[in-house]
Structures are given as C-alpha cells and as structure tokens.
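Engineer: please work out how this folds:
(2 chains)
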Amino acid sequence: MSGHPAPPDTGIGARSRRLEDARLLTGRALFVDDVELPGLLHVAFLRSDDAHARIRRVDASAARAREGVAAVYTAADLGDYWKPGPLLVPPPPVPGSVFNTATQVPLAKDKIRHSGEAIAMVVAASRYLAEDALEDIVVDLEPLDAPADLEAALAPGAPLVHEHLGTNVSARVHQTKGDYAAARRAADVVVSRRFTYDRGVAAAIENRGIVASWDARAEELTVWDTTQAPIPIRNGLAAMLGLRESQVRVVAPFIGGGFGPKIMMFYPEEVLLPWAAMQLGRPVKWIEDRRENFFATTQERGQIHDAELAVRNDGTILGVKDVFLHDGGAYDPYGLTVPINSQCTLLGPYVVPSYDSAFTAVFTNRPIVTPIRGAGRQHGVFVMERLLDIAARQLGMDRVEIRRRNLIPPDAFPYDHEIMFQDFRPLTYDSGNYPEALEKAVALIGYDDFLAREQPRARAQGRHLGLGIVNYIEGTGIGPYEGARVTIEPSGAVRVATGVGTQGQGHFTTFAQLVSGVLGVALEQIQVITGDTREFAWGTGTFASRGAVVAGNAIHAAALKVREKVLEHGARQLGARVGDLELAGGRVAVKRAALAEWRAGRGATAPSSISLGELAVLANPLRGAVTPGTEPGLEATAYFGPDRGNAANGVHAMIVEVDPETALVTIKRYVVVHDCGTVINPMVVEAQVQGGVAAGIGNAFYEELVWGDNGQLMNASFMDYLLPTALDVPVVEMDHVVSPSPLNPLGTKGVGEAGCIPTAAAFAQAVDDALDGRVEITAMPLSPGRLFALLEGAGR
Amino acid sequence: MGARSGIAVTVNGVRATADVEPRLLLSDFLRHDLGLTGTHVGCEHGVCGACTVLLDGEAVRSCLVFAVQADGHEVTTVEGLAGDGALHPLQAAFHEAHALQCGFCTPGFLMTLVPFLRDCPHPTDVQIREALSGNLCRCTGYANIVNAVCLAAGAPSGAAGGLTASSAE
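Structural biologist: As a prediction, this is how the structure comes out:
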C-alpha cells in the first residue's frame, strides 16, 4: 500500500448483521443431506460393537441377495483400493522424537481396533433398506482384550493395538528450555500433582455426511462433504482414484457445525463413497446418524499429566516439569497436533525460565483422537492454572497476585518460549498486553469486592460461592496459506471466492466486510463463496482459529489489488489522476476536493464518476482488452501465508454457587476479557466467545464419555451424553483488549476456540474456592456425581 | 419392504398425498419425499429438537412421528413460516440478534418458539430459557437466542439479566 493514500474505512469493526442468515432462517440453505440426485442410492455401514477383535469371517451373501440392495462391500471387495489413509500431519522435527505411524483403514480387514470401526458397507435403494441389510451380514469376531486405560496400554505384556509396531507407543516428544533440575533446587516450594482430563465429543448438531456422483460422460466426480477442508479432500481423492485434480469437485456447502472433527483426512466414508459411486455408476449418499457420530467421528481430550511447579516464596515461577500421556485412540493420522498444543499452551502468558515437558502418545482401543475446539490447549491451561492455584494456597498468596507477578510484560514482545509449536515454528508470541487483560477481568468480576464482602456474606447465610480467574494463550492463525479471488462483475456485484470451508463462523459476512470498505461496495452487493473447489482450488481449510487471519488477509489483499485496477481504469476513463479518485457507493469518482480542478480540464457536463459495473465491462472490451503486462477485467487473486501462528490471549473469570448437599454447581456470573487483535465484526467475535464458553461448560461439568469393559462406549446418545442447554449457560459478560498482530496486515488473531480453552480451569478454581479448599479438583470433566464423590471423600 | 399406506397430509397449506411405508419417519417424509429440507435431523431420538415441526399447530419432533401418523393432519415446517418475501417476526429477530451461527439447529428452534410465543406472548427470561431447553445448539451458547425471543416478543433484551439474575435463586 506504500505510495498510495490510506485505504478508506474498510468496513472492519462494524457489527454487520449476517448476509447468510436469510437462507438459513427460511430453510433454503443447502446442507449435505439436502442434496438429492436422480437415481440416488443410500449407504449404511456395519460397525463393530467390539473395541478389539480379530475378524475371522465376514459373510455378506444374504445381504447381497436382499431386494433393493445394490452392493455390499467388505475389505476384501476393495482390492487394490484398500489401503491405510495418509498421514495428515507429520510429526514435528523435535530432535530425539519417536513417531510410529498407523493410519486408519477404509474397512477393517483382519482386526477391529475400536468400537464403531466399519466392517462392511451396504448400498441400497433407501437408507431403511440399507440398514435392513446390515442385519443380514454375518460377522465372526474373536474378541481380544483391550487395555483398560492409558497406563495399562503401556504396561509390559499389554494387548497391542498394532502388533506390527510391537508397542502401543504412538509417539514420544521431549521439549525443554532452561535447566529445570537447577530451578527445582533453587525453589522454595515445589508443588506436584497428577491431573487427568477425559474424552468428550464435539457433537456438532449436524452429523457427518457425504454424497458422491460420478458423471461418466464428463468424467467428473462431484462430492458434497461435511468437511472443513474441501481442497485437501479433492486433492487426496484425485490421487486415490487415479483422476486428475480438475476432474474432482468437492463442495462443502453449509456445514452444521465443525469444531474440529470435520477435518479428518480421510474418514473411511470419504474414501469409500466416491469409489462406490464410480463403481456403480450411480450417485450415493451416506449420512451419519447420531449413534455413529459417537464412535465413527473423532474425539478428544484424554490425557494424564504428572506435573510440578517450582516457585520462590514470592511466587516467582522458576520452572515447570510435566510428564504426560496422551490418548491418541486406535490410529494417529493427525500426528501430534493435540499433544504439542498441550505442551506449548501450558506455558500460557507466563515467564517460565525452565520447562521440561515430555509426552508419550498412546494407541488405545478407542476412536481416533483429532483436534476438537481447543485442540489440546485445554489440558495445558488446566495443568498450569491448577498448579498456580495450589502453589498460591501453599504460599498463602492471593491467586491473582501469583499470576500478576509472573505475566510476560507488555514490552517483551516478540517473546520466545524457546520450544516448537504445532506449526513447527518457534513458539514465539507476537503481541499482547496480559496485565491489562488480567486487571480488566479483575475489575469486571469485582474480584476484591467478592473476596471482601460477597463471599463472606453468602457464607454467613450458609451459601457457598466461589470465584475462579485464569489466564490463557491461544496460538491461532497458523499457515501454511490461504488464497482468494475477488471479481467485480458487469452488474457491479462483487464475488469473493476462497478455499476455506465455513461452519457457522459468519465468513459470508466478515469476509465481505474486508472487501466492502476497500472497494466502496455495499455488503449486500458482495457474494462470498467458500468451500467449493470449482470456485477456488488452492488452500487448506478451516481449523486452528485461522479463517479470519489467513483467508481474511488473502481476501483483503485480493481486494486491494482489484482496487488498484479500478483506480487505474477509472483514472483512464474519467481522465483523472489516480490520487484524485475515491471508491464509494459502488462507483469510482473524482474526489470532491479535486473536482473543481478536474472540471476545469474536462468541462461542466463530463461525468465525474463511473459505476464499478460499467468499469468492469470497459475493462474487458472485445478489442484491445489486454496489452502486454495487463489483465482483463476487474479481478485479482492473492494469497497470504503467515510466517508463524500468532498468540491471542484472554482471561476468564466466573462466580459459582455450589450446593454441598447435591453437588450441583450453578454459574452465577461469567466474565471473559479477550484479545484477538483487530476485530472485524464484534458481534461475530462476541458470539464465538459466548458459544465457546458454552462448549467449555459442557466439557467441564456435563459431558463425559463412559466406557465399559473392553472399550465399548456406554452412552452414545444425547439421552445419556449431556450437552448444556439454555438453562445451563449464562450470559457471558465481555471486555476487550486489542493488540493487533504484527504478523499480518490486518492485525487479526483467531478467536474461534478462545471461549472453551480455559473454562475447565476457571470452573475448578471456582468450585475449590466455594468449598473453602475442602476439595482439590484435579480431574476433568467434573459432574455433579464426581463432585459428590469428592465431597464424600472429604467428609463433606 | 412392508405394506404401504396411502396418506394425505397438508403441509404448509398444500395437500400432499403419498404411499409410504408405515415405518417412514415424518422427518424423512418431509425432507426426502416432499423435498422440504429445511427441517433438519440431528439425533433421531428426540433430544436435539432440530427436526421440530408443527403438527396441527403444536411443536413435535418429526423424528419421533411416523408419516402415517400425520395422515389427515396439518404440518407446518420452517419453509412455511415466512410470508411472501418477508421474514416471520421470529426469523427477523433471529437475524437482528445474531441468534444463529451454523444455522443447522435454527429451524427447530423457530418451530419450537412459534407455539411458545403464541401461548406465552410476554415471557420472562426463565420462561424463555425453559422453552428453549428442549432444543440443543452447539454454536451460540443460547444467549443471543434468548435475546431474539425477547426481541420478537417486544420485551427488553434478556442479556442484562440473563440466566444469572433470574434463575439462580
């Protein structure tokens, strides 16, 4: 932008109402299950009830003979197409690391490795018939023992998930900074605890689904997929199916919530449906049901940490040591993103001079683990914040004060933590003002007044109120890159195409806001297209809170390039200097300040402005459109790839009331102060935080997967796995700090996961506080039942 | 395949007839036989509420109703809410209050709220939250949905009091 006047108001910061709402509110939005095609066949999968078993025999002959069944496929029927999936994310190049690859298979061949693993696939005239035919398939399984838990999986002689590896170790990674042993020796106090965090599900209200259609005449495959990453799915499918990438179109239309698990490359169904469509010459559809979603879709959060914190008497952190086990499930296609996030996020906004963190990722007979909103960050925050709580109590120090004393100061950026982040770049924070965020939260929750008056007053009435206040860092906006194409059409409407998928984040609006100000075009004139590889075929996907950072900056850059073209063509058409032009109201016009001089040269009647639509036509004439070095039309494509992820941060504070008799916890207030750099649309950001907190509350107090002996999931329904309802989620009170990221031109940081990352840590501290330290919560998720048991143990 | 039954259902004011299997769910009938895909299916066991439609004016879970049970009755789906070009006041309020994100659960919320506001036109915050508690949303954290209901009911926004002030006692 150097050498040009500053761009006009870019629309950034406006609380624009969403452009996508009308379609969603009236039932016109297209979701994957809404795709209907002539001749469509329906797929159902036979899934294993056993978590660990050897497959002796699969006999699908009766199913094949059933009327209405088009095909039944087992692993044996896939021929050369059967192969383990790709390793999506390779392990980070941390020296000394171990990584054993075992990726998921399309259909189980010799062995079942988790309950819900698919054994056979039925294609029939209707889903009802396909499910009927599942009953006809005879499967002879030899049940095998499954390790009961993470530690049992590592014990000598434990049943092996993957025999050929000779171990259940998926990975070992050790990262250090400073000299922890010396820090421990120098410490006045060392606190150590075991912390556990258990699994849950993402539970997007829309389950997964795929529709695949092979057009034999055009030799084109079209796949509608509930994926967060349509472009990598297209590229992978083309490679697997022996097609050119241009022959495969993957569409991620409206997606009913993503939260992470909709970006697992490749789910078996994503491999099988397109293949079956080509085999059968008929379009096929599979829509996951809720029960399947509980074990065929990826999960997260099983970790056990043995951690210790070394501090001086004045609360200064000298070092942290953490040894943890990470439950990776039966396969590890997503590499180590989750445990690396845990390892890195633990350091939080604090100066930690010495850090010694080693983890072992473990294969278990459980569904595959991939990131779910927060993606391992929860664990790190939980461990660190709990250690600080425990240390403060032991030192007799205020828990805000111990945090205050250890915050990275505002003048210390960029701040290098000297370890490697999930993007394989150094964990270096780009910007922030942690003390300001903490003090704002202290003020907003009324910390001092709560401790001095509200809590004692309630206690005098026999009521147990408690407060929790915790910090977090969220590494966001990682690379590699995204791209976008911005086009002004002859109608004057603007099309913006980008490769990321969208799952409710408001991209159709916020991305349009990035273009609106640059081109002077009303939001309603801007059509954003996401998640269709025919529209834009370069990019990766929506994950790691990166949409507004990476795609957003690419879109903004493309809009700026189009603006240059508009100014250049406009100057020529209007006979004006570029510097004398402005873009507003869908037109390029001579600025008021330059009008008199311009009129003097052009006459009183010459039009002083031209619409962008007319200009688009003039930029693409039938003669002479392109001279060497120029391009036709008013269109540009741009890419953005950040050097590394940036660091958003925030503080969560909550006040709870605990009934010690029933162990019910009521959230009285919830405060979030957060910093995600430049805010494109505050309405959208606040809603992301509110929704994230709801997910965090579910994770902390309601949602728990219960496993039976041998790894069966016992509560695979919304009757038994409780999501928070409107009666459980408070209104989050918010305040903001704005520390623009220097790592991208817009200064944006991600916010998608911020709401749920520190919730469990705040919840634990608040409940501890409410009960005067009679319990010490070290395990998540909590539930009234678990809390009751803790209270019983403490003698209530 | 079981015996088929002839049914006649008035959906959004239009009479539809079909021969269906007795086991066909109303949700599948609406979505796949009639092409009214605005009704979404989230759990098929009656908990999430995404598939809520009106059966003779009352909210029901269309995944828990067989199509044959709707024979001779009137069904209203989300497609039947908006008038000619104009959003229903609830739809407009959801837009204004940013009460939807991915929008998948939204039709179910809307169809739950239509009879609720008819029967309870001036709801309190607690009444609104109780009315919403049978529908699951994973994106919004509900606050803006409460606000949208207040807006549609002409009441002050629930955000100021919210869950904390009114329901915790």
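Engineer: from what I see, residue B:147 and residue B:97 are in contact.
Structural biologist: Yes. If you go by Cβ atoms under 8 Å, residue B:147 and residue B:97 touch, sitting 4.3 Å apart. In this view, the C-beta of every residue, glycine as well, is placed from N, C-alpha and C.
Engineer: what count of nearby residues applies to the nearest residue to residue B:149 once chain neighbours are set aside?
Structural biologist: Using Cβ to Cβ, 6 or more residues apart in numbering or on different chains and skipping the chain neighbours, the partner closest in space to residue B:149 is residue B:128 (4.8 Å). A total of 26 residues lie near residue B:128 under the criterion other Cβ atoms under 10 Å in any protein chain shown.
Engineer: what segments of the stretch 451-600 of chain A are helices?
Structural biologist: Along the stretch 451-600 of chain A, counting by DSSP state H, counting those that start in this stretch, helices occupy A:455-460, A:507-519, A:552-574, A:592-602.
Engineer: pick the most deeply packed of those.
Structural biologist: Among those, helix A:507-519 has the highest mean neighbour count (mean count of other Cβ atoms under 10 Å in any protein chain shown), at a mean of 27.
Engineer: would you mark the buried spots in stretch A:69-88?
Structural biologist: A:69-75, A:77-78, A:82, A:85, A:87-88 (16 or more other Cβ atoms under 10 Å in any protein chain shown).
Engineer: same thing with stretch B:145-154?
Structural biologist: B:145-153.
Engineer: go on, stretch B:7-20?
Structural biologist: Of the residues in stretch B:7-20, those buried (16+ other Cβ under 10 Å) are B:7, B:9, B:11-12, B:16, B:18, B:20.
Engineer: okay, those residues in CSV with secondary structure next?
Structural biologist: Formatted as CSV, these follow (DSSP: H, G, I helix; E, B strand; the rest coil):
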residue, secondary structure
B:7, strand
B:9, strand
B:11, strand
B:12, coil
B:16, strand
B:18, strand
B:20, strand
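Engineer: quick check: the two most widely separated of these?
Structural biologist: B:12 and B:20 (18.2 Å; Cβ to Cβ).
Engineer: for the stretch 651-796 of chain A, which residues score under the pLDDT cut-off?
Structural biologist: A:796 (pLDDT under 70).
Engineer: got the residues of it near chain B?
Structural biologist: A:657, A:666-669, A:683-684, A:687, A:690-695, A:717-719, A:723, A:725-727, A:729-732, A:755 (Cβ under 8 Å from any Cβ of the partner chain).
Engineer: may I see the ChimeraX selection of the buried members of those?
Structural biologist: In ChimeraX, this line selects whichever of these come out buried by 16+ other Cβ under 10 Å:
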select /A:657,666,667,668,669,683,684,687,690,691,692,693,694,695,718,723,725,726,729,730,731,732,755
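Engineer: what about residue 50, neighbour count?
Structural biologist: You didn't say which chain, so I picked chain A. 23.
Engineer: the chain in question should be chain B.
Structural biologist: That count, for residue B:50 with other Cβ under 10 Å as the rule, works out to 28.
Engineer: backbone dihedrals for it, please?
Structural biologist: In terms of degrees, to the nearest 10, the main-chain angles of residue B:50 are phi -60, psi -30.
Engineer: for chain B, what spans make up the strands?
Structural biologist: In chain B, the strands defined using DSSP state E lie at B:5-11, B:14-20, B:52-55, B:58-61, B:74-76.
Engineer: for residue A:167, which of those strands is the nearest?
Structural biologist: Once the strands of chain B are compared by Cβ to Cβ, strand B:58-61 is nearest, at 47.7 Å.
Engineer: tell me the domain ranges of chain A?
Structural biologist: Split into domains by automatic domain parsing, chain A comes to A:21-29+A:479-640, A:41-165, A:203-296, A:430-477+A:646-796.
Engineer: just put the ones you listed in JSON lines and tack on distance to residue A:362.
Structural biologist: Formatted as JSON lines, the domains of chain A follow (distance: least, Cβ to Cβ, whole Å):
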{"stretch": "domain A:21-29+A:479-640", "distance to residue A:362": "23"}
{"stretch": "domain A:41-165", "distance to residue A:362": "5"}
{"stretch": "domain A:203-296", "distance to residue A:362": "18"}
{"stretch": "domain A:430-477+A:646-796", "distance to residue A:362": "13"}
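Engineer: the helix or strand where residue A:321 lies: how far from the chain's middle?
Structural biologist: Counting by DSSP states H and E, the element that carries residue A:321 is strand A:317-329. Put simply, strand A:317-329 sits 22 Å off its chain's centre (Cα atoms, centre = their mean, to the nearest Å).
Engineer: which helices and strands sit right next to the helix or strand following it?
Structural biologist: The element immediately downstream of strand A:317-329 (helix or strand, assigned by DSSP H and E) is helix A:337-345. On a contact count with 3 or more Cβ pairs under 8 Å, 6 or more residues apart in numbering or on different chains; DSSP states H and E, helix A:337-345 meets strand A:169-177, strand A:317-329, strand A:354-363, helix A:377-395, strand A:415-420, strand A:464-476.
Engineer: for the first one, buried residues please.
Structural biologist: Read it as strand A:169-177. Result for strand A:169-177 [16+ other Cβ under 10 Å]: buried residues A:169-175, A:177.
Engineer: nearest to chain B, out of the helices and strands packed on helix A:337-345?
Structural biologist: strand A:464-476 (10.6 Å; Cβ to the nearest Cβ).
Engineer: what is that closest one packed up against?
Structural biologist: helix A:337-345, helix A:377-395, helix A:399-404, helix A:434-445, helix A:455-460, strand A:646-659, helix A:759-770.
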